[in-house]
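[1] pasted the sequence and its predicted model underneath.
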There are 2 protein chains.
Amino acid sequence: MQAEIISIGTELILGQIIDTNAVYLSQQLQRLGFDVFHRSTVDDNEQRICDIFRVALSRSALVVISGGLGPTKDDITRDAVAKVLKSPLVIEPKLITMITQYFNRVRPGHQMPKNNLLQAYVPKGAEYLLNQRGTAPGLFIEKKVSKLNQKRVSRINQFIVILPGPPRELQPMWENQVVPELKKRMKQQTVIKYRVLKVVGMSESAIDEQIQDFMAPESNPEVGLMAALGEIDIRITARAKSESAADKIISSVERVIRKRIGNAIFGADNDTLESVVGNRLRSKNLHLAVAESCTGGLISHRITNIPGSSDYFERGIVVYSNKAKQDLLGVPKETIKKYGAVSEQTAISMALGLVKRTRINIGIAVTGIAGPTGWTPDKPVGLVYIALANANQYQNCVKYKFIGDRELIKWRASQEALNLLRRYLLKLC
Amino acid sequence: MQAEIISIGTELILGQIIDTNAVYLSQQLQRLGFDVFHRSTVDDNEQRICDIFRVALSRSALVVISGGLGPTKDDITRDAVAKVLKSPLVIEPKLITMITQYFNRVRPGHQMPKNNLLQAYVPKGAEYLLNQRGTAPGLFIEKKVSKLNQKRVSRINQFIVILPGPPRELQPMWENQVVPELKKRMKQQTVIKYRVLKVVGMSESAIDEQIQDFMAPESNPEVGLMAALGEIDIRITARAKSESAADKIISSVERVIRKRIGNAIFGADNDTLESVVGNRLRSKNLHLAVAESCTGGLISHRITNIPGSSDYFERGIVVYSNKAKQDLLGVPKETIKKYGAVSEQTAISMALGLVKRTRINIGIAVTGIAGPTGWTPDKPVGLVYIALANANQYQNCVKYKFIGDRELIKWRASQEALNLLRRYLLKLC
């Protein structure tokens, strides 16, 4: 069954706010087993709302509309829906009581503006949905429509759900009222589930070549790739009659993909490099310190975004001057003079300084040129050295040449540093 | 002139990512004077892409499409556009060179997968747009169409712009290539310009009360408020026949607003707290060091996002253990024992330790509880102390109680630390 989403509001179309409702509703509709193929956004214009609503009714079994239910002049969703459905707006006395009560609760002692009562009008035949967090009620409409399908006319049920725009009003209304109604009235059909495998250190096209045989469109499961910054997501989407059947379909393909891509896959779904590395450090009871030059604190920031990271993260040192490298890490003045602050020798000396001066198990050090200034012909923007030392000795130093602007180079360097650490921890096993 | 936006991608329609391109393009199109009334999102399905593209061509002078230009099987935007326009895909030899060069630059030593070359195909008659940050070229198509308007046929120019989905590829392509082309080829009509004044440390409603008289809808300039994380933007939008006329309208209102809000306005347009603070430090030839506990490196990261920040940022120290606070900042063991790591005394001792151990002019220290663990009844999640010391002595310590999850508390604490620093620098004048 096909569902689609219409978001109404000039502020959306002007780009003044991000349409988080569309994202939320997309996810929710999938969980109910709907196919969502279309999403439309339109400004507060009655003619255009009517046009889009008509198109949606012609192709979707469920149309979810958000926005334009407020009490002001530019809130015209009720009118547009009434017009298209040819159901006149009628006043619903219970809504007058509800709206007045809500208003008096949140603004005691204030006179309710008259235009709030416009919200008590509903298209004839529509059911209303209570709003716990605002004056705008939602609407739920079920209608029988005749559909011509391969020369046979069938009668199907079509659903129209209209919700207020503010997410904090829309979400509880959806979850507590709309979902139970829909489940009750529809014959449950397909469940759609997906799983994301996260890859670091491989290009999109290299992954594509490895798993192309799974990537035919309209297959089940459907496999797709999505590139994020320094990461690629492999998304496996399955359709089935039940959640457990969908899980089975996903895991059979997941197994093969994991075999082919190997441990370039660092996690799944909501995992991040920093959460994966953090879990490993904790489970091995290891402690980490980080010394950063060009990444400027980003690695420490990412590691400490994880709740409980104080279990394994001991300190981070951002050495943005040569003096700080000498003072805080004991990098010899001569090393910096001879090889430069951005060099393999300095990176190694930073990492060793970290583990020597603390009683930490693992130290990671990054030095490089994030640009756009500070480069020389020998040491261009994007040149970065990352070194790893453990309590006994220096282990590894890798040279990188990243492309991008300052923030991207910082990000990619942090990504590689976390990945270097991850690979080191994998070897410990 | 009417423009519309089509966003292509199954990951969008599934709600897996937020469509920031649509927001960006909406804003950009307004600045060029286009009316944007429709925005559509569709999955990676050729039939549906073709249908929506046809509808868009029937009603808009400019159609901007983003996404689906990658090298993989599910990237079918090129094919759909070629089909609707009835322009066969032809190979563009210059693009082969460009794509190969880009690939070799970012992945030296790797063999480019063959499917990357699919990106060298363009619909016949289309111009290509160079991509500095990826292999997918954009497309720019101008076509003459006959339009029946009040029984008269007129010939108008219609524009189709197709851009890669990743925002960091799309945005420079739009700004550097598409905007100049559109300006050259269209008859410019109304200019819309806006200016953003950025406020920190005042609530949305407090600002609203100060400048309400400017905030009537449909006025020129239009003044609106937008709340971001720990910041409020005051947006002044003007319509006029020319850029200079729009600038005049904006600056007359800006002057009054600045007088009323005072130096809670920290900057305008693309300014950030870290860039504003950085400029002041540089112009006064001051040097900064930062000691962070609960912010975990975020303040250092934000400061070092600004190019040239090594001119004034000397070091950052992330002290995530008591031992690190003692070793690196000389916080007495007794202070931590008596008052706790999260206390005014520890914050002050951290800030003083910073400036004493370095020859730095200004030291900022932050200690607090980012949660969700690590709290006590006395010291709840969100409790943060921020202290500032200069070379001579301790200057200031402020206690905060932030609301939110871990990342939000980190962010708000970094915001207040930067604002404390900004206000200190303002007083120095």
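    Nice, I can see it. Numbers count the residues shown, from 1 in each chain, chains lettered A, B, ... in the order given.
[2] now stretch A:348-365: buried residues?
    Buried residues in stretch A:348-365, counting neighbours by 16 or more other CB atoms under 10 Å in any protein chain shown, are found at A:348-355, A:357-358, A:360-365. All C-beta atoms are positioned from the backbone trio N, CA, C, and that covers glycine.
[3] and those residues, which two are furthest apart?
    A:349 and A:361 (18.7 Å; CB to CB).
[4] before we move on, the earlier item: out of the buried residues of stretch A:348-365, which sit inside strands?
    Among the buried residues of stretch A:348-365, the members found in strands (DSSP state E) are A:362, A:363, A:364, A:365.
[5] with pLDDT and distance to residue A:72 added, can I get these in TSV?
    Formatted as TSV, those follow (pLDDT from 0 to 100; distance: CB to CB, whole Å):
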residue	pLDDT	distance to residue A:72
A:362	96	59
A:363	96	60
A:364	97	55
A:365	97	58
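[6] of these, which ones also sit close to chain B?
    By CB under 8 Å from any CB of the partner chain, no member of those lies near chain B.
[7] which of those sits closest to residue B:114?
    residue A:364 (37.1 Å).
[8] show me where pLDDT drops low in the stretch 151-300 of chain A?
    For the stretch 151-300 of chain A, applying pLDDT under 70 flags the ranges A:151-152, A:187-189.
[9] please enumerate the strands of it.
    Along the stretch 151-300 of chain A, counting by DSSP state E, counting those that start in this stretch, strands occupy A:152-163, A:191-199, A:222-228, A:231-240, A:265-268, A:288-292.
[10] with only the CA atoms kept, save the last one in PDB.
    Taking only C-alpha atoms (Å, rounded to 0.1, in the frame of the first residue of the first chain), the coordinates of strand A:288-292 have been written out as PDB:
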ATOM      1  CA  LEU A 288      43.700   6.100  25.900                       C
ATOM      2  CA  ALA A 289      45.300   9.500  25.500                       C
ATOM      3  CA  VAL A 290      45.300  11.700  22.400                       C
ATOM      4  CA  ALA A 291      47.700  14.400  21.200                       C
ATOM      5  CA  GLU A 292      46.300  16.600  18.400                       C
END
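[11] what's the closest non-adjacent residue to residue A:381?
    Among residues not flanking residue A:381 along the chain, residue A:371 sits closest, at 3.3 Å (CB to CB, 6 or more residues apart in numbering or on different chains).
[12] burial of that neighbour, as a residue count?
    20 (other CB atoms under 10 Å in any protein chain shown).
[13] what does residue A:269 give?
    Counted with other CB under 10 Å, residue A:269 comes out at 10.
[14] next up, the contacts around it.
    Counting by CB atoms under 8 Å, 6 or more residues apart in numbering or on different chains, residue A:269 touches A:195, A:196.
[15] where's residue A:317, which helix or strand?
    Element membership for residue A:317, per DSSP states H and E: strand A:313-319.
[16] and that strand, which strands flank it?
    The pairing partners recorded for strand A:313-319 under DSSP bridges are strand A:288-292 (parallel), strand B:313-319 (antiparallel).
[17] who touches the shortest one?
    In this structure, residues lying in contact with strand A:288-292 by CB under 8 Å, 6+ apart are A:281, A:298-300, A:303, A:312-319, A:328-329, A:350-351, A:353-355, A:358, A:360-366, A:417, A:421, B:297, B:318.
[18] am I right that residue A:384 is in contact with residue A:294?
    Yes: between residue A:384 and residue A:294 there is a contact at 6.2 Å, judged by CB atoms under 8 Å.
[19] okay, and the common contacts of these two?
    With CB under 8 Å, 6+ apart as the test, residue A:384 and residue A:294 both reach A:342, A:366, A:367, A:368, A:369, A:409, A:413.
[20] buried stuff in the helix or strand hosting the last one?
    Secondary structure from DSSP H and E places residue A:413 in helix A:406-428. By neighbour count with 16+ other CB under 10 Å, helix A:406-428 contains the buried residues A:406-425.
[21] and stretch A:198-210, by the same measure?
    Quick answer for stretch A:198-210 (16+ other CB under 10 Å): A:198, A:199, A:200, A:201, A:202, A:203, A:204, A:205, A:206, A:207, A:208, A:210.
[22] what's the closest of these to residue B:104?
    residue A:203 (12.4 Å).
[23] separation between the closest one and chain B?
    As judged by CB to the nearest CB, to the nearest Å, residue A:203 and chain B stand 6 Å apart.
[24] wait, what's in contact with residue A:421?
    Residues in contact with residue A:421 (CB under 8 Å, 6+ apart) are A:277, A:288, A:362, A:364, A:388.
[25] and the residue nearest to the second one when sequence neighbours are not counted, bridged to which residues?
    Okay, so that is residue A:288. With sequence-adjacent residues excluded and distances taken as CB to CB, 6+ apart, residue A:288 is closest to residue A:362, at 5.0 Å. For residue A:362, the beta-bridge partners under DSSP bridges are residue A:288, residue A:390.
[26] buried ones in whichever strand or helix holds residue A:54?
    Using DSSP H and E, residue A:54 maps to helix A:46-59. By neighbour count on 16+ other CB under 10 Å, the buried set for helix A:46-59 is A:48, A:49, A:50, A:51, A:52, A:53, A:55, A:56, A:57.
[27] can you tell if it touches chain B?
    Yes: using CB under 8 Å from any CB, a contact is recorded between helix A:46-59 and chain B, made by A:48, A:52.
[28] what angle sits between that helix and helix B:46-59?
    Relative orientation of helix A:46-59 and helix B:46-59, computed by axes from the mean of the first three to the mean of the last three CA atoms, to 10 degrees: 160 degrees.
[29] sticking with the residue of chain A positioned farthest from its centre, tell me its helix or strand.
    The centre of chain A is farthest from one residue, residue A:334, which by CA atoms, centre = their mean lies 47.2 Å away. Following DSSP H and E, one finds residue A:334 within helix A:333-339.
[30] and that helix, what does it pack onto?
    Applying 3 or more CB pairs under 8 Å, 6 or more residues apart in numbering or on different chains; DSSP states H and E, one finds that helix A:333-339 contacts helix A:322-329, helix A:344-357.
[31] how about the residues of the stretch 301-429 of chain A by chain B?
    Proximity of the stretch 301-429 of chain A to chain B, by CB under 8 Å from any CB, involves residues A:301, A:303-305, A:307-310, A:313-321, A:323-324, A:327-328, A:357-358, A:370-374, A:401, A:403-404, A:406-408, A:410.
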